[in-house]
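**Student:** Give the three-dimensional model of this entry:
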Amino acid sequence: MDGYVHGLIDFVRDHRAWAAPVVLVLAFGESLAFLSLLIPAWGVLVAIGAMLGAGQIAFWPVWLAGGIGAALGDWLSYWLGFKFKDRVAHIWPLSRYPDLLPRGEAFVKRWGVPGIFIGRFFGPLRASVPLVAGIFEMPYWRFQLANFSSALVWSAVLLLFGDVISRLAEWIWRSV
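**Tutor:** Numbering: from 1, shown residues only. Model (predicted):
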């Protein structure tokens, strides 16, 4: 997995025009139920964010791509939950993690629409909350409002975190 991460980061560094499409696909995978458990894309997104400060890539297209990719992943997760209801619990890899859906259900019932926004920032909840929202038929437009707004914030946070870390590392390197 480590070689994959470094290879992808090197690819984006060498082919800047592909930064936005790569970020879109990674954010989609990171947010899609089932797939998000297998793809730790947030680290790559932070690393790509580190390229912002160096002027290697532009913020706006990469930020929008990350937000759109994440929102589309949650949109599809919501649809899967809405369409297949309780049957999704028996599909791998959720069948191996039986506590994810009940945790997501408790979270959605407790927090409602703000839970979609909050869940975006917490590992396994990121993909299970939209799935649960679909299973329990959260109103579509309320879900999508929280989905798209949280996706754009999430994308900005990851990219800017990488940017801040790279600038801090550069400052420390020059100071030492």
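**Student:** By residue count, what's the longest helix in this structure?
**Tutor:** With residue count as the measure and DSSP state H as the assignment, the chain has helix 140-175 as its longest helix.
**Student:** State the mean pLDDT of that one.
**Tutor:** Per-residue pLDDT values across helix 140-175 average out to 92.
**Student:** packing partners for it?
**Tutor:** helix 19-31, helix 41-53, helix 59-84, helix 113-119, helix 123-135 (3 or more Cβ pairs under 8 Å, 6 or more residues apart in numbering; DSSP states H and E). C-beta: built from backbone N, CA, C; applies to glycine.
**Student:** Buried residues, the third one. List them.
**Tutor:** In other words, helix 59-84. 62-78, 80-82 (16 or more other Cβ atoms under 10 Å).
**Student:** what's the offset of it from the middle of its chain?
**Tutor:** On the basis of Cα atoms, centre = their mean, to the nearest Å, the separation between the geometric centre of helix 59-84 and that of its chain is 8 Å.
**Student:** so it versus helix 140-175, what angle?
**Tutor:** Angular relation of helix 59-84 and helix 140-175 on a 0 to 180 degree scale: 140 degrees, by axes from the mean of the first three to the mean of the last three Cα atoms, to 10 degrees.
**Student:** Can you list the low-confidence ranges for this structure?
**Tutor:** Residues of the chain meeting the criterion pLDDT under 70: 1-2, 37, 40, 54, 124.
**Student:** one more time with 50, if that's ok
**Tutor:** The model of the chain has no residue with pLDDT under 50.
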